[in-house]
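> what would the 3D arrangement of this be:
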Amino acid sequence: MITQGFRTAPHPLSVHHSHQSLMDPVISLIRQDLKDSADPDTKKGFHRFFREDVQYYGVKTATVDKIAQKYWKDIKSRDKNEIFQLCEELYSSHITEEAFIVSNWVPRLTDRYEQEDFLIFFHWIDTYISNWAMCDSFCNHSMGDFIEKFPEFVGELKHWTTSGNRWVRRAAAVSLIIPAKHGKFLEDVIEIAGLLLTDTDDMVQKGYGWLLKEASRKNQQEVFAFVIRNRREMPRTALRYAIELMPAEIKAEAMKKDW
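Okay, here's the model as predicted:
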């Protein structure tokens, strides 16, 4: 278990970042490419997908990925903390596509991850993430890879379930989506779902419901048992997500209201 002191330690990039006076030229180039790639239909689509006040250019995801790949070739040989500084600069705009660039880059650094990076990742989630797409694109891969590399940090995700920030609470669940899909961390998945069970935020309910759904691919019996055990308290939104992949008769049993 990681100590409380670790969880509340200062953000390791903050001092360096505050003295950074000149923006790296690669940031300007990325932003220009994103502006030039904006698409009217994609802009309209953003309104349909988000209830929050989302900032965006209106660029297709595949195009954002191409831009991320293009500039990754230029920066991949840099020091990891320097790359993290670029990520921080992109996040600081609060624009969704710039956050997607970060989500594309950071998993490419998995072999360079160190335990101290957990603080940076938490800082980004807590400070910059402001919609479900930013949350999921970063947590599914960057955080999932980190937890697989340093499984001792899974306890930290459990502490996130008490955060006042809805995106940190959602991150507690969706950071385990990929490992759960492969049958890993089952006890932790069940525990996190239990900690988030009665959360009143539908973004959090959908997050832990999705986590249970992915866990059910390899551990249907255990997930079903959790749902049956908790269905009186479990919001229907989370319950429906959790049982989505199960056979019809099991779904019907889980959805029964017999109290």
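
> from here on, contacts and neighbour counts on C-alpha atoms
Will do.

> so which elements touch the helix or strand where Ile192 lies?
Here Ile192, judged by DSSP states H and E, is contained in helix 186-195. Counting by 3 or more CA pairs under 8 Å, 6 or more residues apart in numbering; DSSP states H and E, the packing neighbours recorded for helix 186-195 are helix 154-160, helix 166-174, helix 202-215.

> please verify my assumption that Lys60 contacts Asp39.
Yes. With contacts counted by CA atoms under 8 Å, Lys60 reaches Asp39, the gap being 7.4 Å.

> more neighbours: those two, which one.
Lys60 (17 against 14; other CA atoms under 10 Å).

> so what's the most centrally placed residue in the chain closest to, chain neighbours aside?
Residue closest to the mean C-alpha point of the chain, counted by CA atoms, centre = their mean, is Cys139 at 2.5 Å. Closest residue to Cys139 in three dimensions, ignoring its sequence neighbours and counting by CA to CA, 6 or more residues apart in numbering: Ser175, at 4.6 Å.

> is it correct that the one you found is in contact with Phe146?
No. Assessed by CA under 8 Å, Ser175 is found out of contact with Phe146, at 9.1 Å.

> show me which of those two is the more surrounded one.
Ser175 (27 against 23).

> now do the more buried one, the pLDDT please.
Model confidence at Ser175, given as pLDDT, is 98.

> and what of Met23?
pLDDT at Met23 comes out at 86.

> angles on the backbone of it, please.
phi -70, psi 140 (degrees, to the nearest 10).

> what is the burial count for it?
Look at Met23: counted by other CA under 10 Å, it has 10 neighbours.

> distance of it from Lys184?
Per CA to CA, to the nearest Å, Met23 is found 41 Å from Lys184.

> mind telling me what element Ala62 is part of?
Using DSSP H and E, Ala62 maps to helix 61-75.

> after that helix comes which helix or strand?
Following helix 61-75 toward the C-terminus (DSSP H and E): helix 80-91.

> now do the contacts for Thr145.
Thr isn't right for residue 145; it's Asp. With contact set as CA atoms under 8 Å, 6 or more residues apart in numbering, Asp145 has these partners: Pro107, Thr110.

> swap that for His94, sorry
Here His94 is in contact with Gln55, Tyr128, Ile129, Ser130 (CA under 8 Å, 6+ apart).

> can you select the buried ones among these for me in ChimeraX?
Provided next is the ChimeraX selection string for whichever of the contacts of His94 are buried by 16 or more other CA atoms under 10 Å:
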select :128,129,130
